[in-house]
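> got a sequence here, can you build the structure:
(one chain, ligands or ions: 1)
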Amino acid sequence: MGSQPQSQPHPLPVDLTPATPAGRDGLAALLDAPDRALIAVDFDGTLADIVPDPEQARAHPGAVEALAALASHVGALAVITGRPAAVAVRNGGFAGVPGLGHLVVLGHYGAERWDAGTGTVSAPDAHPGVEAARAELPGFLDGVETWRGAWVEEKGRAVAVHTRRAADPVTAFESLRVPLAELAARHGLIVEPGRLVLELRPPGIDKGVALTEHVRETGASCVLYAGDDLGDVAAYAAVEKLRTEGVPGLLVCSGNEVPALADRADLVVEGPSGVVRLLTALSSIAGRA
Ligand SMILES: O=P(O)(O)OC[C@H]1O[C@H](O[C@H]2O[C@H](CO)[C@@H](O)[C@H](O)[C@H]2O)[C@H](O)[C@@H](O)[C@@H]1O
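The predicted structure follows:
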């Protein structure tokens with residue numbers, strides 16, 4: 001990879017300008033050679049607004065159009081999500097969109113991959129512990145009053161316990177952490193915490209591993225990653241490591257509900273609407289290059 005670009009002025013609105021020198025370097029590299037950049041974005045909370053029922057989550061108005069417009073100017077475009085890849089594709093409305101012919105969706109934190117070019121999902125064999133944990137969960141959740149209202153999202157390769165609809169969502173979430181971690185460990189699984197969700201899933205992959213592999217695969221010379229939740233921390237760490245290896249990066253946080261991520265970001269935008277504004281602005285500038 002070449003030398004690191006220096007921080008320099010760039011034509012973005014003030015509220016879309018990175019607050020850190022490293023972020024400004026990442027942005028400068030992206031605008032200098034957009035055709036060598038990888039743009040990677042999370043789905044829930046980043047491209048899609050948070051809603052009480054995950055089945056109802058959809059891409060924010062203008063998000064798919066912004067991605068499609070940007071796709072023609074950048075080297076590679078990926079959605080990296082905790083969702084099953086097929087669910088993100090369906091709820092995002094990513095299939096068959098003109099301009100998104102090269103989109104890749106890395107689902108289940110990178111364990112699954114959907115390619116727009118083929119329209120197919122590739123995935124490893126299922127982890128047997130998921131089936132065993134799934135069988136235990138109903139009786140487990142029924143037993144404690146604090147957990148009333150917590151419910152299980154069936155994800156195929158994982159199961160997620162949501163507390164957003166519990167009477168006291170935060171108390172339910174906090175009091176479930178240890179018991180669910182013990183249940184997961186008994187079945188060789190890990191707990192992935194998120195915004196009022198605790199997911200029991202197989203170990204061995206995270207968004208950081210997925211992002212780094214995708215940077216290598218695409219040969220990207222710089223990367224922008226946008227996320228909103230704890231599951232995105234691994235991707236942030238990957239970008240921070242890539243920077244030390246001479247690959248500039250820009251870390252974008254959608255909203256500031258998760259301080260562990262927002263405090264580490266180069267740029268915090270106003271939720272999915274801010275992400276759409278940023279992608280649109282980048283596409284407009286890159287299109288002039
Ligand atoms: O990696 P992501 O694309 O951000 O997916 C992470 C989890 O997102 C979903 O849960 C979150 O969004 C829901 C819909 O807005 C919301 O109801 C929930 O409280 C959030 O945690 C999804 O349901 C999970 O399976 C994903 O792992």
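> excluding its backbone neighbours, what's nearest the residue nearest to the spatial centre of the chain?
The geometric centre of the chain, computed from its C-alpha atoms, lies nearest to D42 (C-alpha atoms, centre = their mean), at 2.4 Å. Leaving aside its sequence neighbours, D42 sits nearest to G227 (C-beta to C-beta, 6 or more residues apart in numbering; 4.0 Å). Backbone N, C-alpha and C define where each C-beta goes, glycine included.
> surely that neighbour meets A235?
Yes. Counting by C-beta atoms under 8 Å, G227 sits close enough to A235 to count as a contact (6.1 Å).
> shared neighbours, the two?
Taking C-beta atoms under 8 Å, 6 or more residues apart in numbering as the criterion, G227 and A235 both touch 42, 207.
> can you list the residues of the stretch 51-200 of the chain near the ligand?
Taking C-beta under 6 Å from any ligand atom as the criterion, the stretch 51-200 of the chain approaches the ligand at residues 51-52, 54, 57, 81-83, 153, 155, 160, 162, 164, 194-197, 199.
> let's see 5 Å
Proximity of the stretch 51-200 of the chain to the ligand is assessed by C-beta under 5 Å from any ligand atom, with 51, 54, 57, 81-82, 160, 164, 194-197 identified as the residues in range.
> for the residues you listed, work out which two are farthest apart.
Using C-beta to C-beta, the pair of those lying farthest apart is T81 and R164, separated by 17.8 Å.
> got phi/psi on the residue nearest to the centre of the chain?
The phi and psi values for D42, taken as degrees, to the nearest 10, are phi -80, psi 170.
> can you list the domain ranges for the chain.
Following automatic domain parsing, the chain resolves into domains at 14-123+205-288, 128-201.
> can you say which of these is packed in most?
Using mean count of other C-beta atoms under 10 Å, the stretch among the domains of the chain with the largest mean neighbour count is domain 14-123+205-288, at a mean of 20.
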